[in-house]
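S.K.: Okay, here's the prediction I keep looking at, along with the sequence it came from:
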Amino acid sequence: MKERCLLFIFVFLLPCFLFSWPDEKVSAEKKGDKKKNRFVILPLVFYTPLTGIAGGAGGVYYWRTLEDISKESPSTILMDFIYTQKDQIVCEVTPHLFLQGGTFHLVGYLGLKRFAEKFYGIGPLSSEDMEEDYSYRSAKLGLSLRRRLTTKLYFGLQYDFEYFDPMEFKTGGILDSGSVVGRNGGRVSGLGLIFVRDGRDDIFFPTNGLFFQASATIFVKQLGSEYIFQKFNIDLRQYVSLFSNHVLAFQESINSTSGSVPFQWLPALGGPWVMRGYILGRFRDKNMFHIQMEYRLPLAWRLGVVGFLGYGGVADKMSRIKLSDLKLTGGCGIRYQLNRDATMNVRLDFGFAKGSFGVYAMINEAF
């Protein structure tokens, strides 16, 4: 069944909310305050068949201090809270903190969910006929602390944790068969290493530079994990500045897992970040790769538009990802710049894929 989603965000009403906070540069000059900070709240309203009518708010708080090494890298905390007509809840906090003048970079995620999603089985050949609904409750924590080695290089540790209750799913479906790892809930806990080379000119809206990140994490009983598995990720991004502030952005990523991986932690195509147009988790398996590109161009004032393409696939082994099984997505989007100083955008994207369509309203770019 084709997923139909209708999503509204008050993009063109944002100035009404933003003007209640004076422009960063003006306030700094008038008050003589060298510490720049700002807090913005955005209303959210949307509808999907799984959630019914839903509403909430998203917010971002960011600041800089005199000790920051890189003035292009303010510390930020992103927050959102959503409550749906079907009594579902999502609450998320995502901090990006630069500590000790930029010597350390802390990236985190804390999420509490009582939600519903769709499951299509595992593998690149799953069909729409396999679609089934399931609901779950989970608490998830992710922390990554990186130390700056040079101007562009970081190295550090990361920790991942999630506890999820047993799923609620339909009788006679794939999840009910007992063959899917993770359907009974449980706890995952893993520790890993992360290496980052960040040569972007801006962390929110890069116009030039290269970004590379590689990480490896193991989930073992000694850390309290009920599932024993490993995951390895590579993320490569390139940004090219063209004429009149036009930007061409590329991303290529490889995600690989092995062991007893709960299906919630399998690499997956779809959603607001990877292969927009497919519902989140439409295709998932132990290995995934994808390539996507965006053409970003400014319009007037703080508005801009983008066009994007995505190409990728999944398989139980990386060597089994076939050219004939790769998926293609594309679409376009609108951008509204929250503040000229921080170059942080609200995006409204419309993604198209074979038999599927998605609308995504988020803070920050997909990559």
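M.R.: Yep, that arrived.
S.K.: what secondary structure does residue 222 sit in?
M.R.: Three-state call for residue 222 (DSSP: H, G, I helix; E, B strand; the rest coil): helix.
S.K.: Surely residue 201 is in contact with residue 209?
M.R.: Yes: counting by C-beta atoms under 8 Å, residue 209 is a contact partner of residue 201 at 5.2 Å. C-beta here means a position set from N, CA and C on the backbone, and glycine is covered the same way.
S.K.: residues contacting residue 330?
M.R.: 277, 307, 308, 309, 310, 351, 352 (C-beta atoms under 8 Å, 6 or more residues apart in numbering).
S.K.: Which one (most neighbours) among the residues you listed?
M.R.: Among the contacts of residue 330, the one with the most neighbours (other C-beta atoms under 10 Å) is residue 277, at 27 neighbours.
S.K.: Next, residue 204: secondary structure please.
M.R.: Going by three-state DSSP: residue 204 is coil.
S.K.: wait, isn't it in contact with residue 345?
M.R.: Yes: between residue 204 and residue 345 there is a contact under C-beta under 8 Å: 7.1 Å.
S.K.: Please identify every residue contacting each of those two.
M.R.: 364, 365.
S.K.: out of those two, which sits in the more crowded spot?
M.R.: Using other C-beta under 10 Å, the more surrounded residue of residue 204 and residue 345 is residue 345, with 24 against 21.
S.K.: Parallel or antiparallel, which strands does the helix or strand hosting the more buried one pair with?
M.R.: Using DSSP states H and E, the element containing residue 345 is strand 344-353. Partner strands for strand 344-353, per DSSP bridges, with pairing direction: strand 327-339 (antiparallel), strand 356-363 (antiparallel).
S.K.: With respect to residue 54, which of the contacts of residue 330 is nearest?
M.R.: Nearest to residue 54 among those: residue 351, at 19.2 Å, using C-beta to C-beta.
S.K.: Now do the contacts for that closest one.
M.R.: If you count contacts by C-beta under 8 Å, 6+ apart, then residue 351 has 275, 276, 277, 278, 308, 329, 330, 331, 357, 358, 359, 360 around it.
S.K.: how about the strands of the stretch 101-250 of the chain, start to end?
M.R.: Assigned strands in the stretch 101-250 of the chain, in chain order: 104-119, 132-148, 153-164, 168-169, 186-198, 209-219, 229-241, 247-259 (criterion: DSSP state E, counting those that start in this stretch).
S.K.: Show me which of residue 201 and residue 209 is the more surrounded one.
M.R.: A direct count of neighbours by other C-beta under 10 Å for residue 201 and residue 209 places residue 209 higher, at 16 against 13.
S.K.: Please report the distance of that one from residue 203.
M.R.: Distance from residue 209 to residue 203, counting by C-beta to C-beta, to the nearest Å: 10 Å.
S.K.: cool, and residue 367?
M.R.: Taking C-beta to C-beta, one finds residue 367 at 12 Å from residue 203.
S.K.: Same check on residue 40?
M.R.: Residue 40 sits 17 Å away from residue 203, going by C-beta to C-beta.
S.K.: Repeat that for residue 85.
M.R.: Residue 85 is 36 Å from residue 203, where distance means C-beta to C-beta.
S.K.: Would you mark the buried spots in stretch 147-162?
M.R.: Residues of stretch 147-162 classed as buried: 148, 154, 156, 158, 159, 160, 161, 162 (neighbour count, 16 or more other C-beta atoms under 10 Å).
S.K.: Now that stretch: average pLDDT?
M.R.: For stretch 147-162, the mean per-residue pLDDT is 96.
S.K.: give me the beta-bridge partners of residue 193?
M.R.: Residues in a beta bridge with residue 193, per DSSP bridges, are residue 157, residue 216.
S.K.: does it really touch residue 231, like I thought?
M.R.: No: using C-beta under 8 Å as the test, residue 193 is too far from residue 231 to be in contact (11.9 Å).
S.K.: Now the common contact residues for the two.
M.R.: residue 216.
S.K.: Distance of residue 94 relative to residue 333?
M.R.: 20 Å.
S.K.: between the two, which one's more packed in?
M.R.: residue 333 (24 against 18).
S.K.: Might one say that the more buried one is in contact with residue 345?
M.R.: No: Residue 333 lies out of contact with residue 345 (C-beta under 8 Å); the separation is 9.7 Å.
S.K.: With adjacent residues omitted, what lies nearest to residue 92?
M.R.: What sits nearest to residue 92 in space, not counting adjacent residues and going by C-beta to C-beta, 6 or more residues apart in numbering, is residue 111, at 4.5 Å.
S.K.: got a list of what the nearest residue to residue 231 once chain neighbours are set aside touches?
M.R.: Nearest non-adjacent residue to residue 231, counting by C-beta to C-beta, 6+ apart: residue 257, 4.6 Å away. Shown in contact with residue 257 (C-beta under 8 Å, 6+ apart): 229, 230, 231, 232, 265, 266, 267, 286, 287.
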